[in-house]
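>>> Starting from these lines, generate the structure:
(2 chains)
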Amino acid sequence: MDRYSRQIRVAGIGTAGQQRLRDAAVLLVGCGALGTHAADALTRAGVGRLWLVDRDVVEWSNLQRQVLFTEADARAGLPKAVAAAARLREVNAAVEVAAHVADCSLAFLDALPAPPDLLLDGTDNFATRYLLNDWCARERRPWIYAGAVGSEAAAMVVPVGGPCLRCLWPEPPAQSDVGNCETAGILAPAIAAVSAFQVAEALKLLVGAEPTRGVFTCDVWRGSYQTLALARRPAAGCPTCSGTGYPALSAPPASAVTLCGRDAVQVDPPQRHPVDLDQLARRLGPVVQKLDRTPHLLRFEVDGCRFSVFPGGRALLFGVQDPLRARALYDRWIGLP
Amino acid sequence: MIHLDHAATSFPKPAAVLAAMRRWFDEVGVSADRGDGERCLLARREVDATRGRVAALCGVPAHRVAFTSGATEALNLVLRALLRPGDTVLTTAFEHSSVVRPLVALRGERRLRLEVLPPAADGGLPVDAFAAALATHRPRLAVFTHASNVTGAGLDAAAFCDRARRAGCTTVLDASQTAGLLDLRVGADVVVASGHKALHGPPGIGFVAARDGLELPPQKQGGTGSSRALDEHPTTWPQAFEAGTPNTPAIFGLGAALAWVQQQSPAALLAQSLRHVDALATGLAARPGVRLLLPPRERRVPVLSLVHEHYDPSELGALFAAAGIQVRTGFHCAPWLHAHLGTERTGTVRLSPGPQLTAADLAAVLAAC
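Purely as a prediction, here's the structure:
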């Protein structure tokens, strides 16, 4: 316990709190910027079991903000969960770290040995967030939403019983409406700021303290940090909080299949969703190469992959064979809800 | 939904096929030759009738027809039964993976020599080239598809079998693309096919039809419902090739499908489907950038492959899919042919209509790309 002496001394933690941390299991969904910040902090704080899930590999452009990774990881193209777990075991060998190179799908969550005590959002897409939202409601587990883009970030504790993400926004926003790190960029301190809120709330929940109610938002460029008040009760008619249905748990997952004999993967969103290819072209224009809008489809190249996107949301990704990698690239660049 | 993928599997199936399968589940529920009850007799009657229809289709005695899970199993069993170490095998560049892969595996296991007949400049497989290959390589066995599932090019199976027989070479005809469309009584030593393509049967059923007298020892051992006291698998046909519980509901379905095909007449089904291919070819040939991979007209089957100057086949496939049209893109499990077509990098878009396509369907297909 000596390594935690400074933490134990904090009112609200104490020896009992430290013991609770040691007994806890936390699932970190996504090992990107948010995920690596939280994983590092929770490992140092002495959380007993930390489960990491991420489907992507370490890339050069990650090193600017994803704190657990090194140039060697990027050169080797290691799976993020694997590279993060290796680093975390060096940080604190007493923490049981499990790395899952997988999609955080309903099947994945349901196959966990037991529901974790807490889930932390380190994803880059709303489809997964709504899945976490509904799954946690069904399993009666808290989770903490967090997201960042540009110099702005937001986070919110979703306690057992709500209010939940669906109370705020009944349907996931389209990724093209909210922007992402690829198109709008991301400033590392925005991650650090929102991660501080997320990890502090995580520690509070794990030791049994009352979490902060409200939505934390910040813009580190403008120097503004605030917590917006939120209704304490779930929104009327929220299917998730009322338990009348968990929409994200009944939606079919996106499918990704490797094309026979081709260095290509076809990704189909769970539901056909009209995609405004012209708008997508405008958004991606500044950051991708070889943008080509034909009467039927939109093509572009990015991350070593050639995309062909169709109006119904289907995409062909050439230069990729791994369906997981294709799903990650799809969510990153097209990102339908 | 417009189904232009009959070369993969036919859709929709005739109502009689589903009714026959349904009858097995509702009224029969048991295998033929597995018991002596009334329902076993019902099963036996239907299985025997289906076997008889396959026999008539291929021109072999009924006891030389064995049911398999499909053409793939049939080809694996037949090639394993016929090929001996050191054999030379003549085959063609048209072949499907269900021929190619067993041959390649057996080449390793039994030191086979494989000779592959390339297509002629017109995309066909002329008898003369086959005869020349027989003379040059002296194969003990020739295995060939009746028609390419990529281009629709057919070969003169009767002439192939005749030349092979005169050269002392055993013939195996893969009729998966032609059963239900062409006459299979071409003098092959063995005919195999799947039931779910132009025969309009259900998936999960195919057959081996062998000339009387050809030795085909069992390659799979198990229960047969006969010779129960013996611990050795019977070598008598068809039990030799039918180890394990048969797929009786699919046999019921295939029986109804064969009756339907005979009633419609294979020649009429072929002519209808080819008319649709011609209409598609005419319409698509007018599109800038489209290259049709047309076979010789003679003996062709209703398959049309194309590539596009500006669109990858998978992109065109997605465009068709968005318009509710089921086509197939890629290599179509024919690994050897694409090098000859110049499509080895991307494969093709394949449109394979069935007999039922309407004028509205055709218009929708041409509007989709």
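
>>> Could I get the buried residue list for stretch B:48-59?
B:Ala49, B:Thr50, B:Arg51, B:Arg53, B:Val54, B:Ala55, B:Ala56, B:Leu57, B:Cys58 (16 or more other C-beta atoms under 10 Å in any protein chain shown). Yep, even glycine has a C-beta here, placed from its N, CA and C like the rest.

>>> for stretch A:96-116, same thing?
A:Val97, A:Ala99, A:His100, A:Val101, A:Asp103, A:Cys104, A:Ser105, A:Leu106, A:Phe108, A:Leu109, A:Pro115, A:Pro116.

>>> Of those, which belong to helices?
A:Leu106, A:Phe108, A:Leu109 (DSSP state H).

>>> Tell me how many other residues crowd the nearest residue to A:Phe126 once chain neighbours are set aside.
Distance criterion C-beta to C-beta, 6 or more residues apart in numbering or on different chains; nearest residue to A:Phe126, sequence neighbours excluded, is A:Pro172 at 3.8 Å. Per other C-beta atoms under 10 Å in any protein chain shown, the neighbour tally for A:Pro172 reads 21.

>>> Tell me the secondary structure at A:Pro172.
coil (DSSP: H, G, I helix; E, B strand; the rest coil).

>>> Can you give the domain ranges for the chain?
Using chain A. A:2-250, A:255-333 (automatic domain parsing).

>>> not quite, I wanted chain B
With automatic domain parsing as the reference, chain B has domains B:2-11+B:265-368, B:15-264.

>>> coming back round to it: just send the ones in helices among the buried residues of stretch A:96-116 back as CSV, with pLDDT and distance to B:Ala359 too.
Converted to CSV, these look like this (pLDDT from 0 to 100; distance: C-beta to C-beta, whole Å):
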residue, pLDDT, distance to B:Ala359
A:Leu106, 93, 44
A:Phe108, 94, 48
A:Leu109, 96, 50
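
>>> Now do the contacts for residue 319.
If you meant another chain, say so; for now it's chain A. A:Asp263, A:Ala264, A:Gly304, A:Cys305, A:Arg306 (C-beta atoms under 8 Å, 6 or more residues apart in numbering or on different chains).

>>> That was the other one, I meant chain B.
Here B:Leu319 is in contact with A:His296, A:Leu297, A:Phe310, B:Tyr311, B:Ala368, B:Cys369 (C-beta under 8 Å, 6+ apart).

>>> quick one: which of those residues is nearest A:Ala209?
Nearest to A:Ala209, judged by C-beta to C-beta, of the contacts of B:Leu319 is A:Phe310 at 49.3 Å.

>>> In this structure the closest one contacts A:His296, no?
Yes - the pair A:Phe310 and A:His296 qualifies as a contact (C-beta atoms under 8 Å) at a distance of 7.4 Å.

>>> residues in contact with B:Leu366?
B:Leu280, B:Gly283, B:Leu284.

>>> and the gap between the last one and B:Val28?
B:Leu284 sits 46 Å away from B:Val28, taking C-beta to C-beta, to the nearest Å as the criterion.

>>> how about the residues of chain A near chain B?
Contacts of chain A with chain B, taken as C-beta under 8 Å from any C-beta of the partner chain, map to A:259-262, A:264, A:266, A:294, A:296-297, A:308, A:310-312, A:314, A:316, A:318.

>>> Could you turn the buried ones of those residues into a ChimeraX selection?
Per 16+ other C-beta under 10 Å, the buried members of these correspond to this ChimeraX selection:
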select /A:259,261,262,264,266,296,297,308,310,311,312,314,316,318
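
>>> and the two most separated of the residues of chain A next to chain B?
A:Gly261 and A:Pro311, at 26.6 Å, using C-beta to C-beta across these.

>>> the residue most distant from the middle of the chain, which is it?
No chain in the question, so chain A it is. In chain A, the greatest distance from the average C-alpha position (C-alpha atoms, centre = their mean) is reached by A:Pro295, at 34.4 Å.

>>> Hmm, no, I was thinking of chain B.
B:Ala229 (36.2 Å).

>>> so which strand or helix has that residue?
Of the helices and strands defined by DSSP states H and E, none includes B:Ala229.

>>> Who are the contact partners of the residue nearest to A:Phe126?
Counting by C-beta under 8 Å, 6+ apart, A:Pro172 has contacts A:Phe126, A:Ala127, A:Arg129, A:Tyr130, A:Pro337.

>>> and these, which two are the farthest apart?
Maximum distance among these (C-beta to C-beta): 9.7 Å, for A:Arg129 and A:Pro337.

>>> Tell me which stretches of the chain form strands.
The chain I'm using is chain A. A:25-29, A:49-54, A:96-101, A:118-121, A:143-149, A:152-158, A:215-219, A:224-228, A:255-258, A:264-268, A:289-293, A:298-302, A:305-309, A:315-318 (DSSP state E).

>>> looking at chain B here, not the other one
According to DSSP E, the strands that chain B contains are B:2-3, B:65-68, B:88-92, B:113-117, B:141-145, B:170-174, B:190-194, B:206-210, B:290-292, B:304-308, B:325-326, B:328-330, B:348-351.

>>> right, so of these, which gets closest to chain A?
strand B:328-330 (5.2 Å; C-beta to the nearest C-beta).

>>> Identify the neighbouring strands of that closest one in the sheet and state each direction.
Strand pairing for strand B:328-330, using DSSP bridges, gives strand B:348-351 (antiparallel).

>>> distance of the residue of the stretch 51-200 of chain B found nearest chain A from B:Thr145?
Across the stretch 51-200 of chain B, the shortest distance to chain A (C-beta to the nearest C-beta) belongs to B:Ser97, at 10.1 Å. Separation of B:Ser97 from B:Thr145 (C-beta to C-beta): 11 Å.

>>> coming back round to it: would TSV of the domains of chain B with mean pLDDT be doable?
As requested, the domains of chain B are exported to TSV (pLDDT from 0 to 100):
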stretch	mean pLDDT
domain B:2-11+B:265-368	96
domain B:15-264	96
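
>>> quick one on the thing from earlier: quick check, nearest of the buried residues of stretch A:96-116 to A:Leu21?
Closest to A:Leu21, out of all of the buried residues of stretch A:96-116 and judged by C-beta to C-beta, is A:Pro116, at 13.3 Å.

>>> pLDDT at that closest one, what is it?
If you check A:Pro116, the pLDDT there is 98.

>>> Kindly provide the distance from it to chain B.
39 Å (C-beta to the nearest C-beta, to the nearest Å).

>>> What of A:Leu230?
Counting by C-beta to the nearest C-beta, the gap from A:Leu230 to chain B is 41 Å.

>>> who's in contact with the closest residue to that residue other than its chain neighbours?
The spatial neighbour of A:Leu230 that comes closest, neighbours along the chain excluded (C-beta to C-beta, 6+ apart), is A:Gly214 at 4.7 Å. Neighbouring residues of A:Gly214 by C-beta under 8 Å, 6+ apart: A:Met156, A:Thr227, A:Leu228, A:Ala229, A:Leu230.

>>> closest to B:Pro288 among the residues you listed?
Out of the contacts of A:Gly214, the member with the shortest distance to B:Pro288 (by C-beta to C-beta) is A:Met156, at 53.9 Å.

>>> Any idea how far apart the tips of stretch A:36-55 sit?
14 Å (C-alpha to C-alpha, to the nearest Å).

>>> can you give me the offset of that stretch from its chain's centre?
13 Å (C-alpha atoms, centre = their mean, to the nearest Å).
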